[in-house]
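In: the sequence isn't on hand, but the structure is:
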Ligand SMILES: Cc1ncc(COP(=O)(O)OP(=O)(O)O)c(N)n1
Ligand SMILES: Cc1nc(C(=O)O)sc1CCOP(=O)(O)O
Ligand SMILES: [Mg+2]
């Protein structure tokens, strides 16, 4: 039997006051495979401080801690890995910097980019955006046939991202996504992040 689909949590683009406590409460509410720190446009020092504060919270709960955009800093600070987009530098160099750690690559809606990432040694490929999202301006739109094709052809896990919520995630799970990456579904949930996380966990389990 295939491993069940799991939740991949990404931080809000700007961390609100008291974020460490919200993160701990959210992670204590259910199952999360990994946490990606994604602070767009923050200076390196601020990212470094956030890693030092948040990584122990994730790792103490068995949640892998990945840094977005910066493989050098991820290696330097002992993160469990990094996530890189197509504009985030040298993927092969990052692979060498992070031996035995996780390296994920954004592949938008492209089979070609995903196969290149897989050949290069990515630990997962990420496809998106599956739905409209207000978290970032997403220029690509992915569809479930990509997840079906990838999961039938390759062993490397695939991540689905972009506008995913408890209400719309079932087809992605059924199409073979190994992980669902979310920001808003957890951090913007009307009843709070812990409720958002529980709702995502329940929806994934119901779809599987
Ligand atoms: C799991 C996951 N998938 C995709 C992305 C997007 O990465 P990228 O295209 O580099 O865009 P930014 O996140 O850097 O704005 C991601 N971060 N995580
Ligand atoms: C960071 C990111 N990358 C995307 C891509 O398509 O590559 S969509 C996205 C935003 C994900 O946030 P939310 O779950 O709130 O939609
Ligand atoms: Mg990036």
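Out: Thanks, I have it. In this text the structure is predicted, and so the values were computed from the model without any measurement. Ligands and ions are numbered 1, 2, ... in the order given.

In: so where is this protein shaky, pLDDT-wise?
Out: 1 (pLDDT under 70).

In: show me what from it comes close to ligand 3.
Out: 69, 85, 88 (CB under 5 Å from the ion). Placement of C-beta: from N, CA and C, glycine included.

In: again, only using 6 Å
Out: Counting by CB under 6 Å from the ion, the chain comes close to ligand 3 at 68, 69, 85, 88.

In: a markdown table for the residues you listed, including distance to residue 12, secondary structure and neighbour count?
Out: Shown next, in a markdown table, are these (distance: CB to CB, whole Å; DSSP: H, G, I helix; E, B strand; the rest coil; neighbours: other CB atoms under 10 Å):
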| residue | distance to residue 12 | secondary structure | neighbour count |
| --- | --- | --- | --- |
| 68 | 12 | strand | 21 |
| 69 | 15 | coil | 19 |
| 85 | 18 | coil | 15 |
| 88 | 19 | coil | 16 |
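
In: from those, which is closest to ligand 1?
Out: Set against ligand 1, the nearest of these by CB to the nearest ligand atom is residue 85 (1.9 Å).

In: contacting residues for that closest one?
Out: When contacts are counted by CB atoms under 8 Å, 6 or more residues apart in numbering, residue 85 touches 69, 105, 106.

In: nearest to ligand 2, of the residues you listed?
Out: Nearest member of these to ligand 2, counting by CB to the nearest ligand atom, is residue 106, at 5.1 Å.

In: mind checking how far that closest one is from residue 194?
Out: 28 Å (CB to CB, to the nearest Å).

In: next one: residue 182
Out: From residue 182 to residue 194 the distance is 14 Å (CB to CB).

In: ok, those two, which is more surrounded?
Out: The neighbour comparison of residue 182 against residue 194 (other CB atoms under 10 Å) goes to residue 182, with 27 against 17.
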